[in-house]
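Participant: please find the sequence and the predicted model below.
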Amino acid sequence: MERTFLMVKPDGVQRGLIGEIVSRFEKKGFKLVNAKLMTVSRELAEKHYEELKDKPFFGELVDFITSSPVFAMIWEGDNVISTARTMMGKTNPADAAPGTIRADYAVSVGMNIIHGSDSPENAKREIDLWFNGETIVYDKAISKWI
Ligand SMILES: Nc1ncnc2c1ncn2[C@@H]1O[C@H](COP(=O)(O)OP(=O)(O)OP(=O)(O)O)[C@@H](O)[C@H]1O
């Protein structure tokens with residue numbers, strides 16, 4: 001079963017959107033298999049965003065993600081990586097389709113509420129980095145209906 005790493009960023013936590021975001025993925029039919037509220041060290045932030053280290057906004061991005069707690073999650077389900085990206089909307093909320101998380105709750109590209117892995121390789125890398133690869137194994141009684 002496919003898994004992805006999703007994170008409510010500091011702006012989403014501060015604005016009280018954890019429940020709303022978790023609810024969207026639960027209602028869609030995905031399964032939450034790990035989650036934690038946590039502060040992020042600069043070392044973790046720099047590793048997470050290492051692909052962006054040459055971008056002019058890299059310093060600002062690391063400052064932002066370490067500024068206040070985030071809510072880190074692992075979700076499981078068929079095509080969860082690409083479906084979660086669709087549900088999140090485009091990186092710049094101004095370009096995000098109506099009904100997506102970023103379109104509904106965000107205005108700026110820097111504070112765009114949520115992160116989601118963009119490929120199977122990055123999902124594995126991020127699940128290992130943030131959760132040491134650990135998931136909670138359990139059955140959901142409703143899974144046969146999804
Ligand atoms: N031009 C920019 N100015 C400031 N921040 C930016 C800019 N472009 C991207 N970012 C921030 O860096 C994050 C990572 O950028 P990336 O290009 O990987 O987009 P993404 O894959 O949609 O986002 P994420 O990795 O958070 O899901 C974005 O979510 C955004 O918060």
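Facilitator: All right, it came through fine.

Participant: up against the ligand, what does the protein have?
Facilitator: Proximity of the chain to the ligand (Cβ under 6 Å from any ligand atom) is limited to residues 52, 57, 61, 91, 109-110, 112, 115-116, 118. From N, CA and C alone the C-beta is placed, and that goes for glycine too.

Participant: let's have those in a markdown table, adding pLDDT.
Facilitator: Written out in a markdown table, the entries for the residues of the chain next to the ligand read as follows (pLDDT from 0 to 100):
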| residue | pLDDT |
| --- | --- |
| 52 | 97 |
| 57 | 97 |
| 61 | 97 |
| 91 | 98 |
| 109 | 97 |
| 110 | 95 |
| 112 | 98 |
| 115 | 98 |
| 116 | 98 |
| 118 | 98 |
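
Participant: inside helices: which ones of these?
Facilitator: Using DSSP state H, the members of the residues of the chain next to the ligand that fall in helices are residue 61.

Participant: buried subset of the residues of the chain next to the ligand?
Facilitator: Among these, those buried by neighbour count (16 or more other Cβ atoms under 10 Å) are 61, 112, 115-116, 118.

Participant: out of those, flag the one nearest to residue 87.
Facilitator: Proximity of these to residue 87 (Cβ to Cβ) peaks at residue 116, which lies at 8.4 Å.

Participant: dump the residue contacts of the closest one.
Facilitator: Contact partners of residue 116, counting by Cβ atoms under 8 Å, 6 or more residues apart in numbering, are 4-7, 81, 84-85, 88.
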